[in-house]
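Student: Let's see this in three dimensions:
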Amino acid sequence: MFEEYLQDAHVFISYANSQAEERDARRYYRAAVFYAAGAVEAFMNYVTDSLIGGKVLSDVEKAYLTDKALTFDNGNHIEKTEFHSLEGKLKVLIRKFSPKFDFGTATWCKLMEFKELRDLLIHPKQSEDDIKISDYQKKISDGLKSIIYITNSINEGVFGKSFRKQITDLIPD
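Tutor: Got it, this is the predicted structure:
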C-alpha cells in the first residue's frame, strides 16, 4: 500500500500545483500530506511485519516497533500496549539497517518539518486553514523527497535493494 500512497500523494501535489483557486489548491495539498504520511505508516507496518518472524530484531526492538513494552510484574514477563512515535520507530530501523544515516542532515530535518505540517492538519487548533500555498508547496515537496529517501534507505538495508524506479521517479524536483 505504501507505494500506492506515495503515488497518490504525487498525483495530489500535481493537482494542487495546477489549481488557480487557493481553496482548491489547499484541498489537494492536504490530501497529499495525508497520503504521504500514510505512506510512511504503511511502509513501517510492512517492514515490521516482514521482520517480526525472523531472528533479525531483538525482542525489545520487536516490542517497540509493534507498540508494546516489555515489563516484569511479580516476576512474570508482561507485554503492555505502549504507543511509540513514528520517528522513534524510524530511528530504530535506520540505526539497525542504515547505520551511516546522519540524523543531522536536511533530509531528516525536512521529514520532521513535514511531520509538523501533518500534525497541524490532523490536530488543528485554528478554525481555518491559513497555511500559505508557498509553504504547502515547499513542505510537501521536501517532505515527499525525505520520505522516499529515508524509506528507500531502510528498504535497501532490510531487503538489500532499492525501490523500483517507478517510486524513485516520484521524488519532486
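Student: phi, psi of Thr81?
Tutor: phi -80, psi 130 (degrees, to the nearest 10).
Student: ok, how many other residues are close to it?
Tutor: Look at Thr81: counted by other Cβ atoms under 10 Å, it has 8 neighbours. Every C-beta, even on glycine, is put in place using the N, C-alpha and C of the backbone.
Student: And the one 4 residues further on, by the same measure?
Tutor: When counting by other Cβ under 10 Å, one arrives at 9 neighbours for Ser85.
Student: ok, now Glu22?
Tutor: Residues lying near Glu22 (other Cβ under 10 Å) number 12.
Student: The closest residue to it other than its chain neighbours and Ala37: what is the separation?
Tutor: Distances taken as Cβ to Cβ, 6 or more residues apart in numbering place Ile133 nearest to Glu22, at 5.8 Å, with adjacent residues excluded. To Ala37, Ile133 is 19 Å away according to Cβ to Cβ, to the nearest Å.
Student: Neighbour count for these two, which is higher?
Tutor: Shown here are Ile133 and Ala37; by other Cβ under 10 Å, Ala37 has more neighbours (22 against 14).
Student: Now do the helix or strand where that one lies, average pLDDT.
Tutor: Here Ala37 is covered by helix 22-52, with elements defined by DSSP states H and E. Across helix 22-52, the average pLDDT comes to 95.
Student: Also stretch 140-156?
Tutor: For stretch 140-156, mean pLDDT rounds to 95.
Student: Put the alpha carbons of it into PDB.
Tutor: Taking Å, rounded to 0.1, in the frame of the first residue of the first chain, the C-alpha atoms of stretch 140-156 are listed here in PDB:
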ATOM      1  CA  ILE A 140       5.100  18.800   0.900                       C
ATOM      2  CA  SER A 141       7.700  18.700  -1.800                       C
ATOM      3  CA  ASP A 142      10.600  18.500   0.700                       C
ATOM      4  CA  GLY A 143       8.600  16.000   2.800                       C
ATOM      5  CA  LEU A 144       7.900  13.700   0.000                       C
ATOM      6  CA  LYS A 145      11.600  13.700  -1.000                       C
ATOM      7  CA  SER A 146      12.600  12.900   2.500                       C
ATOM      8  CA  ILE A 147      10.000  10.200   2.900                       C
ATOM      9  CA  ILE A 148      11.200   8.400  -0.300                       C
ATOM     10  CA  TYR A 149      14.800   8.900   0.500                       C
ATOM     11  CA  ILE A 150      14.600   7.600   4.100                       C
ATOM     12  CA  THR A 151      12.200   4.700   3.400                       C
ATOM     13  CA  ASN A 152      14.400   3.700   0.400                       C
ATOM     14  CA  SER A 153      17.400   3.700   2.700                       C
ATOM     15  CA  ILE A 154      15.700   1.400   5.100                       C
ATOM     16  CA  ASN A 155      14.400  -0.800   2.300                       C
ATOM     17  CA  GLU A 156      18.000  -1.200   1.000                       C
END
